[in-house]
Each structure stands twice: as structure tokens, then as C-alpha cells.
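Asker: mind looking at a prediction? Sequence and model below.
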Amino acid sequence: MPTETRRLVVKPHAPRRTVLVWAGTLIGAVLCLAATFEAGRMLAGYSAISAERERLALDAEVRTLGAKLREAESRLATTEVARRVDHEAETQVEKSLAELQARLGEATQELAFYRSVVSPSDGILGMRVQRLRVQPALAPRHYRVRLVLVQAARQDAITAASADFTVDGLQGGHAASLPLSEIGTSSRVLNFSFRYFQELETEIELPADFVPQNVQIEVRPAKGASPIRAAYPWKIETT
């Protein structure tokens with residue numbers, strides 16, 4: 001009976017080397033793929049260095065544009081402030097000009113008044129009614145009546161006199177005259193003495209159904225000279 005002969009094969013066992021082989025193979029494959037990808041990008045016109053340079057250039061351009069934008073915004077803000085300042089200055093100048101014109105008008109009126117005192121335009125000496133002003137008082141239907149009397153500056157004597165006035169108008173649809181003695185709230189007759197000019201003021205109250213039209217003034221000198229009479233239309237002045 002033949003004898004069966006068996007062979008025993010002994011294979012060396014080295015797991016670490018196997019792992020290193022597989023790792024090397026894998027790394028090589030990855031490097032080959034990366035090299036292939038980079039080669040493809042370079043063939044397509046892409047370069048990492050060029051891209052970085054382009055990014056840096058774009059960053060610099062963005063910073064430059066940002067600086068220019070901030071500068072433009074600053075100039076705009078400065079211009080707006082200057083415009084507001086110019087507008088306020090113009091408004092202030094216009095206000096000052098209006099005030100100066102008003103003061104000039106008042107000064108012109110005062111100058112004309114004193115000229116009339118020093119040298120009357122008609123050359124007539126003696127006392128005269130220079131001005132009448134009617135202004136509203138605080139209470140309804142109450143008015144302040146201001147009367148200015150003058151006499152030429154060449155008049156050296158002090159003149160004593162009394163003044164009275166009557167308000168003419170319509171009451172209940174009919175003509176009516178109301179003397180100071182009836183409508184005056186305090187004074188009944190205005191007594192005074194002066195040399196060059198005198199301003200008299202009194203307050204009156206008119207009935208609710210009375211419509212004023214004119215003011216008749218009479219000034220009676222104390223020495224028995226002829227009375228001085230003047231008539232003014234009723235006109236209320238607010239200033």
C-alpha cells in the first residue's frame with residue numbers, strides 16, 4: 001500500500017509590512033490624484049499663485065474704494081452743515097435787516113415829529129394837535145387814546161390847557177356822539193401844561209352797539225385863547 005507524503009509549507013507572517021505597503025499604495029494614489037487635479041487646473045488656465053494675487057488685488061481695491069466712499073460721505077456731511085449754516089445766517093441777516101428797517105421807519109417818524117416841533121411846516125406858531133393814536137386795551141371794547149400836542153420851539157412860555165374829545169359814529173343805526181365824560185374809564189377832562197410838546201393818554205369804553213367813525217378833539221387854553229379843534233378818522237393801530 002503506497003505511503004501518502006504530505007508537504008508542510010511555512011509562510012512568513014509580517015502584518016506590519018503589509019500595512020505599510022497598503023498605506024504607501026494609498027498615499028501614492030492620493031498624490032497621483034492631486035497631481036492630476038492640479039495639472040488639470042493648470043491646463044485649464046488656473047494657478048493658485050495667480051488666484052492669490054488676484055484676491056490680494058481685489059482686497060486692496062475694496063479698501064481703496066471704501067476709503068473713497070468714507071471721504072465722499074464726509075464731504076457730503078460737511079457740505080450739508082455748511083448749507084444749513086449759510087441758510088441760518090441768511091435768515092438772521094434778513095431778520096436783522098427787517099428790524100433795522102423798522103427802527104429806521106420809527107426814527108424817521110420821530111425826526112419828522114421833532115422837526116414839526118422846532119419849525120412847523122406851515123410857519124404858524126402856537127399850539128396844535130400833532131397826532132392821535134387809538135390802540136386796543138386789554139378788556140373788550142376798551143381802547144387807549146393817545147393825543148400829542150405841540151407848539152413851536154420858539155414859544156418860551158409854559159402853556160396850560162385842557163383837552164376833550166368826542167367819538168362820533170352810529171348807535172342802533174343812528175348817528176351818535178359820545179363825549180369823553182361818558183365813555184372815559186378814569187379821566188373826564190385832560191388837564192396839562194407844557195412848553196414844547198405833551199402826550200396825553202386815557203382809556204375809553206364804547207357801547208357794544210356803537211360803531212365809531214371819527215374823533216373830534218378840542219383843546220382849550222387856560223388863558224382864554226381860542227380853542228383848537230381837530231378831527232381824525234377812527235383807526236385802530238395794533239403797534
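Answerer: Sure, I can see it.
Asker: CA atoms for contacts and neighbours, from now on please.
Answerer: Noted.
Asker: ok, residue 181 - how many residues close by?
Answerer: Using other Cα atoms under 10 Å as the criterion, residue 181 is surrounded by 15 other residues.
Asker: how close does it sit to residue 58?
Answerer: Remark: distance between residue 181 and residue 58 (Cα to Cα, to the nearest Å) = 97 Å.
Asker: following the helix or strand encompassing residue 94, which helix or strand comes up?
Answerer: Following DSSP states H and E, one finds residue 94 within helix 48-118. Counting by DSSP H and E, the element after helix 48-118 in chain order, helix or strand, is strand 127-136.
Asker: who does that next one touch, helix- and strand-wise?
Answerer: strand 142-151, strand 228-233 (3 or more Cα pairs under 8 Å, 6 or more residues apart in numbering; DSSP states H and E).
Asker: quick one: strands adjacent to the first one?
Answerer: On the basis of DSSP bridges, the sheet neighbours of strand 142-151 come out as strand 127-136 (antiparallel), strand 197-205 (antiparallel).
Asker: got it, and the shortest one?
Answerer: Each strand that strand 228-233 pairs with, and the sense of that pairing, follows from DSSP bridges: strand 210-221 (antiparallel).
Asker: how about the partner strand: buried residues?
Answerer: Residues of strand 210-221 classed as buried: 210-212, 214-221 (neighbour count, 16 or more other Cα atoms under 10 Å).
Asker: low-confidence bits of this structure, can you list those?
Answerer: 1-51, 110-126, 152-157, 187, 189, 194-195, 224, 239 (pLDDT under 70).
Asker: if you set the cut-off to 80 instead, what comes out?
Answerer: Confidence mapping of the chain against pLDDT under 80 gives the ranges 1-59, 90, 104-128, 150-160, 186-198, 222-225, 238-239.
Asker: which parts of this structure belong to which domain?
Answerer: Per the record, the chain has its domains at 47-118, 127-233, by automatic domain parsing.
Asker: which of those domains sits most buried?
Answerer: For these, the largest average neighbour count (mean count of other Cα atoms under 10 Å) is found in domain 127-233, namely a mean of 16.
Asker: ends of that one, what's the gap?
Answerer: With Cα to Cα applied, domain 127-233 spans 21 Å between its terminal residues.
Asker: is it correct that residue 220 is in contact with residue 192?
Answerer: No - here residue 220 does not reach residue 192: they are 10.6 Å apart, not a contact under Cα atoms under 8 Å.
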